[in-house]
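Student: predicted model, plus sequence, below.
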Amino acid sequence: MQYRNDKQGRPLSMLGLGCMRFPNSKAETESLLLAAIEGGVNFFDTAYMYPNSEKTLGAILAKHKKRKDIYIGTKLPLLMCKGSQDFDRFFDEQLRRLQTDYIDYYFLHNVPDYATWEKFRNWGIEAWAAEKKKAGQIANLGFSYHGTCGDFLKVIDEYSWDFCMIQYNYYDVHYQAGEAGLKAAAEKNIPVFVMEPLLGGRLATGVPKQAVELFHKANPTLTPADWALRWLWNQSEVTLVLSGMSSTQQVEQNIRAASEFKPLSAAELAVYDKVVGVFRKSYKIPCTGCNYCLPCPKGINIPACLAAYNSSYTQNYYTGISLYFNSTAALTKQPVSPRQCNSCGKCERQCPQNIAIAKTLKKTAGRLEPLPLQLGLAVARKFLTR
C-alpha cells in the first residue's frame, strides 16, 4: 500500500474503504474489512445515514481490537439537523454505534451550497467543533460536497478545514467542485478525499465496449476500474480515493492497484481522452447510484431505473430492458414503473447530482417501456399472476 499525508502529517492509505454498501452477509463484511486492514487500508468511511454501517463497522473493529490500527471517518447528517441541539445528539449516538470515544475525521455530510454552510455556522458549528477537538473527541473536521464549484470555493474560504471530500473522476473533470475545486483546496493545504471514483460502479462495469477495447489495447493486464483509480492517484492533489468495495475480491484487486501504482505516461493519459470521447456518445444520465433520492413516495427504484437507461446505451438495449424489468418488478401484479412518478420533487431536492429526476424518469419509461411493450407486459402479467 502507498500512503499520502493529511494536514497534520498522518499517513493515509491512498485507497480508502467506503462503507455505504456492505455485503448482505455479516461474515462476508467481516472478511472484507479484515482483508482491507491486512492489505494496508487505514481509512474507513461511514455515515449516520448509511443503514447499519456505523454499528457494523464498530462491532467488527471491537471484536478484532482493530480500532487503534485505522482511522474512522463518519458524518453529521445535515439534512436531519433542525438546530444546534442536534449536534451532540447525533454525535453521541455515533460514538455508541462505533464503540469508540473519538472520531478521526468528522464530516459535515453533503454540503450542497454555501447557504447550507452559512446556516450551520450561524448555528454554532465552529464553536461546537472546537470544543470537541479540545476534548479529543474529534481529530479533524471536514465536509463532503455536492454542489457547484463556485459555492465550493466560497466554503473552503470560510473556515480552516482539515480536509474535504469531492466527487471526481476522469469521466467529467468539471462536475461539481471538479478539477478547479481540487486544485483550489490543495493550494490552501486542504487534503482532498475523492468519492465516486468509479461513478457508482459505472467506470468499472458500465464502460462502453469500445472504451474497454481502448483500455485493453493500451494495457491488457489492467481492468477499467484500475484505469479509473490510477487516473486519480496520478494527481498529487488527491490525498486518498474512496472506493465502496463490496467483496474481498474487489478489496484485493484495488489494493494491488494502489500498491503497484506508478505515475502515468503521456501515452496512457492520451487513452483517457479517447475513452471519454466514447462515453460522451453513449452515457446519458450522471447518476452514481448513491440512493439519496430514496425512498420514493411511489416506491420507484430510481437509481436502478436510471442505471438501466444508461446500460441500454453503454451496453445494449436488451441488457437495459432486462435490468429495467428487475428494477420495476414488471411481471408482478403491482409493478412500480417510472410512469407512476407524480413529480413531487422529493427526490430532486435530495439528489447530490442535481438531476432533473422526474423528467428523466419519463424519458426512461419512454425508452424502456414503449407502448407495444406495455401491452405485452400487461398480457404477460395477467397470465403469470392469475
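Tutor: Cool, got the structure.

Student: per-domain residue ranges of the chain.
Tutor: The chain breaks down by automatic domain parsing into domains covering 3-278, 302-384.

Student: what are the boundaries of the helices in the stretch 201-350 of the chain?
Tutor: 202-205, 209-218, 224-233, 248-260, 266-282, 302-314, 317-328, 346-350 (DSSP state H, counting those that start in this stretch).

Student: quick one, which of these is nearest to Cys149?
Tutor: Set against Cys149 and scored by Cβ to Cβ, the helices of the stretch 201-350 of the chain come closest in helix 224-233, at 17.8 Å. C-beta coordinates here come from the backbone N, C-alpha and C atoms, glycine included.

Student: can you give me the angle that closest one makes with helix 266-282?
Tutor: On the basis of axes from the mean of the first three to the mean of the last three Cα atoms, to 10 degrees, helix 224-233 is oriented at 120 degrees to helix 266-282.

Student: ok now helix 224-233, how far from the chain's centre?
Tutor: 15 Å (Cα atoms, centre = their mean, to the nearest Å).

Student: show me what that helix is packed up against.
Tutor: helix 202-205, helix 209-218, strand 238-243, helix 248-260, helix 266-282 (3 or more Cβ pairs under 8 Å, 6 or more residues apart in numbering; DSSP states H and E).

Student: what about 6 Å?
Tutor: Helix 224-233 makes packing contacts with helix 202-205, strand 238-243 when contacts are defined by 3 or more Cβ pairs under 6 Å, 6 or more residues apart in numbering; DSSP states H and E.

Student: now these in CSV, with mean pLDDT and distance to Val212?
Tutor: Formatted as CSV, the helices and strands packed on helix 224-233 follow (pLDDT from 0 to 100; distance: least, Cβ to Cβ, whole Å):
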stretch, mean pLDDT, distance to Val212
helix 202-205, 84, 10
strand 238-243, 96, 19
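
Student: so for Lys188, which of those sits nearest?
Tutor: Closest to Lys188 of the helices and strands packed on helix 224-233 is strand 238-243 (Cβ to Cβ; 13.1 Å).

Student: next, the angle from the closest one to helix 248-260.
Tutor: Orientation check (the same axes, to 10 degrees): strand 238-243 against helix 248-260 gives 160 degrees.

Student: now strand 238-243: buried residues?
Tutor: Val238, Thr239, Leu240, Val241, Leu242, Ser243 (16 or more other Cβ atoms under 10 Å).

Student: rewinding a little: comparing the helices of the stretch 201-350 of the chain, which gets the lowest mean pLDDT score?
Tutor: Mean pLDDT is lowest for helix 317-328 out of those, coming in at a mean of 79.

Student: about what we covered before: in a markdown table: the helices and strands packed on helix 224-233, plus distance to Ser13.
Tutor: Converted to a markdown table, the helices and strands packed on helix 224-233 look like this (distance: least, Cβ to Cβ, whole Å):
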| stretch | distance to Ser13 |
| --- | --- |
| helix 202-205 | 19 |
| strand 238-243 | 6 |
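
Student: of those, which approaches Cys296 most closely?
Tutor: helix 202-205 (21.0 Å).

Student: send me the closest one as PDB with only the CA atoms.
Tutor: These are the backbone C-alpha positions of helix 202-205, laid out as PDB (Å, rounded to 0.1, in the frame of the first residue of the first chain):
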ATOM      1  CA  ARG A 202     -20.200   2.600 -13.900                       C
ATOM      2  CA  LEU A 203     -16.500   3.100 -14.600                       C
ATOM      3  CA  ALA A 204     -15.900  -0.500 -13.600                       C
ATOM      4  CA  THR A 205     -18.700  -2.500 -15.100                       C
END
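
Student: heads up, I number from 24, so please use that
Tutor: Right, with 24 as the first residue, what we last looked at is helix 225-228.

Student: what is it packed up against?
Tutor: With contacts taken as 3+ Cβ pairs under 6 Å, 6+ apart, helix 225-228 sits against helix 247-256.

Student: please produce JSON lines containing the helices of the stretch 224-373 of the chain, extended by mean neighbour count and distance to Pro74.
Tutor: Converted to JSON lines, the helices of the stretch 224-373 of the chain look like this (neighbours: other Cβ atoms under 10 Å; distance: least, Cβ to Cβ, whole Å):
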{"stretch": "helix 225-228", "mean neighbour count": "20", "distance to Pro74": "22"}
{"stretch": "helix 232-241", "mean neighbour count": "16", "distance to Pro74": "33"}
{"stretch": "helix 247-256", "mean neighbour count": "23", "distance to Pro74": "25"}
{"stretch": "helix 271-283", "mean neighbour count": "18", "distance to Pro74": "20"}
{"stretch": "helix 289-305", "mean neighbour count": "15", "distance to Pro74": "31"}
{"stretch": "helix 325-337", "mean neighbour count": "23", "distance to Pro74": "15"}
{"stretch": "helix 340-351", "mean neighbour count": "18", "distance to Pro74": "19"}
{"stretch": "helix 369-373", "mean neighbour count": "17", "distance to Pro74": "16"}
